[in-house]
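Undergrad: Have a look; sequence and predicted model below, questions after that.
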Amino acid sequence: MPSKPHKPLAHPRSAYRVWRTISTRWMDNDAYGHVNNVVYYSWFDTAVNAYLIERGALDVANGASIGLVVETHCNYFAPLSFPQTVDVGLRVAHRGTSSVRYEIGIFGADDSAAARWRPLFEPWGVWQFEQSSLTGWCSNRNGPRFSAWHW
């Protein structure tokens with residue numbers, strides 16, 4: 001008999017090092033009265049990119065590198081809705097030689113976790129991205145890497 005899958009657990013606030021507060025908007029609610037899943041992904045993207053930009057690790061206007069999300073996973077624990085302010089916690093879960101795995105936690109006003117996201121970013125030099133298609137990159141994981149994001 002197959003084993004019962006384990007239920008993912010939320011990390012507490014203390015697990016995250018960097019914080020950003022984001023307000024929900026009227027348009028974030030879906031027909032069911034809670035924030036739509038796609039909005040969470042926007043918050044995740046905002047938290048990571050704002051952190052990198054503020055620390056000088058990413059220059060979207062003039063920089064020579066971009067970050068690609070090559071893998072992502074999100075667990076939802078509790079609904080959020082407009083109007084509400086959410087806290088987005090960020091931490092580095094793993095830093096390799098060619099990628100970084102962040103973990104982002106979304107917390108509502110009652111201090112309970114609403115979601116946890118685990119993306120895998122591959123930093124790339126723009127010249128590398130222009131010289132290869134994503135299809136070619138995905139089939140050749142041993143190619144060169146641009147490694148500029150060190151925490």
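TA: That came through fine.

Undergrad: rest of the way, CA atoms for contacts and neighbours
TA: OK.

Undergrad: Average pLDDT for stretch 112-125, rounded please.
TA: The predicted model gives stretch 112-125 an average pLDDT of 69.

Undergrad: and the longest strand seen in the chain, which strands flank it?
TA: The strand that spans the most residues within the chain, counting by DSSP state E, is strand 85-95. Partner strands for strand 85-95, per DSSP bridges, with pairing direction: strand 18-23 (antiparallel), strand 100-107 (antiparallel).

Undergrad: what about the strands in the protein?
TA: Under the criterion DSSP E, the chain carries strands at the ranges 18-23, 65-71, 74-76, 85-95, 100-107, 113-117, 120-125.

Undergrad: thinking again about what came up before, just put the strands paired with strand 85-95 in CSV and tack on distance to N49.
TA: Conversion of the strands paired with strand 85-95 to CSV gives the following (distance: least, CA to CA, whole Å):
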stretch, distance to N49
strand 18-23, 11
strand 100-107, 11
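
Undergrad: taking these together, which one is wrapped up most tightly?
TA: strand 100-107 (a mean of 24; mean count of other CA atoms under 10 Å).

Undergrad: how many degrees apart are it and strand 65-71 in direction?
TA: In this structure, strand 100-107 runs at an angle of 70 degrees to strand 65-71, with axes from the mean of the first three to the mean of the last three CA atoms, to 10 degrees as the basis.

Undergrad: Name the surrounding residues that touch strand 100-107.
TA: 11, 13, 16, 44, 86-95, 113-122 (CA atoms under 8 Å, 6 or more residues apart in numbering).
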